[in-house]
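> can you look at this prediction? I've put the sequence above it.
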Amino acid sequence: MLFSPTIKHLELKVDKAAEAAAIRMVAQAAQPMLSSLQTLFIDDQAVSSRSNLPESVLFWTLACLQSLHVVHQTTITSAIIKSLVTIPNLQVLKLSVKQVPNVATSDRTAGFLRLRDLSLSGTLGDVTNFLTATTPPNLESLVIDVPNVGEGNSHTARAKGSLDDLYATLPPSLLRLRMTLTVPPNTEVYHFPERGELLAPLRALLGLRSISFAFDNAGFHLSDAHLRALEDAWPELVEFEIRSRERWNMIWYYREGHSVQPKEVPHTHPTLKTLAAFAERHPRLERLVVPSIDLDALPDIASVPFLGHGLRHIGVSTLEAGVPLLDHAHALSRLFPRLDVADARRVVLGGRDVVLGERDVVFGGRDGNLEEREGELRLLLAAMQVGRELACWPGADAAEYQTGVQLFGAACGIVAATHILPIRRGPGIQF
């Protein structure tokens, strides 16, 4: 009954301590059922921990699959590629790849005609080789996770070369691109400088609706000029996210027994005016996340228009410590009145120890921690939003009004307690 041929969906996990003979016995008994599977999720830790073991399930031979998710790292051969691409109804594929061969153009096997959703994890070289060998013609969504961008000072140069090759494989049908690039902790240079080369080649993909890059343990600074240069790209864009999670907001060089002072990275941050122009040129934009913004280029609030844009989420990876954010929140609230700040409201009503935001940042510290500043901005945006609601509640009952007052006062109170500094006002720039 366990291996009934009527089973269409299977989740299989193999413990790393499982004996090879037991794995083979179960795999052989399950073979009649495997051949008719439509959905397979497999995590074979025995293969991951013992390199001499073969795959427990030859997933690339299952011709009825529509969705395949292989968690463990798989050594990809030319034979596996040729078999995978010919699965006729495969629509969703998630693989962690290694040792992918560099297949010559003349040896490519046409296929993956129905594949729409592809997720790959591995080195940039392996991911690029897989895409080059398979070239799915109708792909709509591509997720790439590179857990080790490279070692040593030349990792960014190697990454740039691989990205150029990877971009050359992307089909015009692509709608969603998400990449996570992680620099290993023992790498000396944490900054990823190729900001222009990263985004400019994607302009050729006119139908892109979602673009997301995350840099873990690495700095990436999207300049004001680079963001302005993208205002006329991707007219259907709904999500644009460039997030940087670096250990420091500067390059740090260190060798055992010798260290030098941090070296600042020269760049100009996007201004609020540029964010507004980018959103205005993308009327369908709902999510906008940038690595940083220029906190010195603070506009005269009276000059900031009520843009009325439908943006629902705005995020900033790094906000300079020691700079009050009240006026910046005021300007953003005027530009984007429909921001979803429900998480900030829950923090206010639930107490300071409630998790705020997608990065699991707990708000409530007093040290100006960079990771907490985005939470502070969202609390201020929530206060601005509630303030507008209070002004429009002449007929609200006492309970509704009291809740609004509590949200507004508590949000401002938490921020004031965390960051007691006079408000710094910029020279004033006109929109």
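Thanks, I have the structure now.

> what does the helix or strand where Ser83 lies rub up against?
Element membership for Ser83, per DSSP states H and E: helix 78-84. Identification of contacts with helix 78-84 by C-beta atoms under 8 Å, 6 or more residues apart in numbering yields 60-61, 74, 90, 93, 100-101, 103, 107, 109, 111-112, 130, 133-134. The way it works is simple: take the backbone N, C-alpha and C, and place the C-beta from them, glycine included.

> what count of nearby residues applies to the nearest residue to Leu227 once chain neighbours are set aside?
Using C-beta to C-beta, 6 or more residues apart in numbering and skipping the chain neighbours, the partner closest in space to Leu227 is Pro270 (4.8 Å). Around Pro270 there are 24 other residues, counting by other C-beta atoms under 10 Å.

> surely Pro337 is in contact with Ala331?
No. Counting by C-beta atoms under 8 Å, Ala331 is not a contact partner of Pro337; they are 11.8 Å apart.

> neighbour-wise, which of these two wins?
Taking other C-beta under 10 Å, Pro337 and Ala331 do not tie; Ala331 has more neighbours (22 against 16).

> list the contacts of the more buried one.
Going by C-beta under 8 Å, 6+ apart, the list of residues near Ala331 reads Leu272, Leu298, Pro299, Ile301, Val304.

> cool, Val127 as well?
Contacts of Val127 (C-beta under 8 Å, 6+ apart): Val97, Val100, Leu120, Ser121, Ile144, Val146, Leu166.

> check the gap between it and Thr271 for me.
35 Å (C-beta to C-beta, to the nearest Å).

> please apply the same query to Phe213.
Using C-beta to C-beta, we find Phe213 at a distance of 21 Å from Thr271.

> and for Arg345?
With C-beta to C-beta as the criterion, Arg345 and Thr271 are 28 Å apart.

> Pro54 now?
Distance from Pro54 to Thr271, by C-beta to C-beta: 57 Å.

> of the contacts of helix 78-84, which is the nearest to Lys16?
Thr74 (15.4 Å; C-beta to C-beta).

> for the strand or helix carrying the closest one, packing partners?
In the assignment (DSSP H and E), Thr74 maps to strand 67-75. With contacts defined as 3 or more C-beta pairs under 8 Å, 6 or more residues apart in numbering; DSSP states H and E, strand 67-75 has these neighbours: strand 39-44, helix 45-49, strand 92-98.

> buried ones in it?
For strand 67-75, the buried set under the neighbour-count rule, 16 or more other C-beta atoms under 10 Å, comprises Ser67, Leu68, His69, Val70, Val71, His72, Gln73, Thr74.

> just stretch 120-137 next, same as before
120-136.

> can I get it as CSV, trimmed to CA atoms?
C-alpha atoms of stretch 120-137 as CSV (Å, rounded to 0.1, in the frame of the first residue of the first chain):
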residue,chain,number,x,y,z
LEU,A,120,19.2,26.8,-8.8
SER,A,121,21.8,26.7,-6.0
GLY,A,122,25.5,26.4,-6.5
THR,A,123,28.6,28.2,-7.6
LEU,A,124,28.2,30.9,-10.3
GLY,A,125,30.1,28.7,-12.7
ASP,A,126,27.9,25.7,-12.1
VAL,A,127,24.7,27.6,-12.3
THR,A,128,25.8,29.3,-15.5
ASN,A,129,26.9,26.0,-17.1
PHE,A,130,23.5,24.4,-16.2
LEU,A,131,21.6,27.4,-17.8
THR,A,132,23.9,27.3,-20.9
ALA,A,133,23.4,23.6,-21.4
THR,A,134,19.6,23.7,-21.0
THR,A,135,18.5,27.2,-22.2
PRO,A,136,14.8,26.8,-21.1
PRO,A,137,13.0,28.9,-23.8
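
> on that earlier part again, sort out for me which of the buried residues of stretch 120-137 are in helices.
Counted as lying in helices by DSSP state H, out of those, are Leu124, Gly125, Asp126, Val127, Thr128, Asn129, Phe130, Leu131, Thr132, Ala133, Thr134.

> ok, the second one to Leu115 distance?
According to C-beta to C-beta, Gly125 and Leu115 sit 22 Å apart.

> and Met33, by the same measure?
Distance from Met33 to Leu115, by C-beta to C-beta: 24 Å.

> who has more neighbours, those two?
Leu115 (22 against 16).

> is the residue nearest to Leu227 in a helix, a strand, or coil?
coil (DSSP: H, G, I helix; E, B strand; the rest coil).

> go on, Thr180?
strand.
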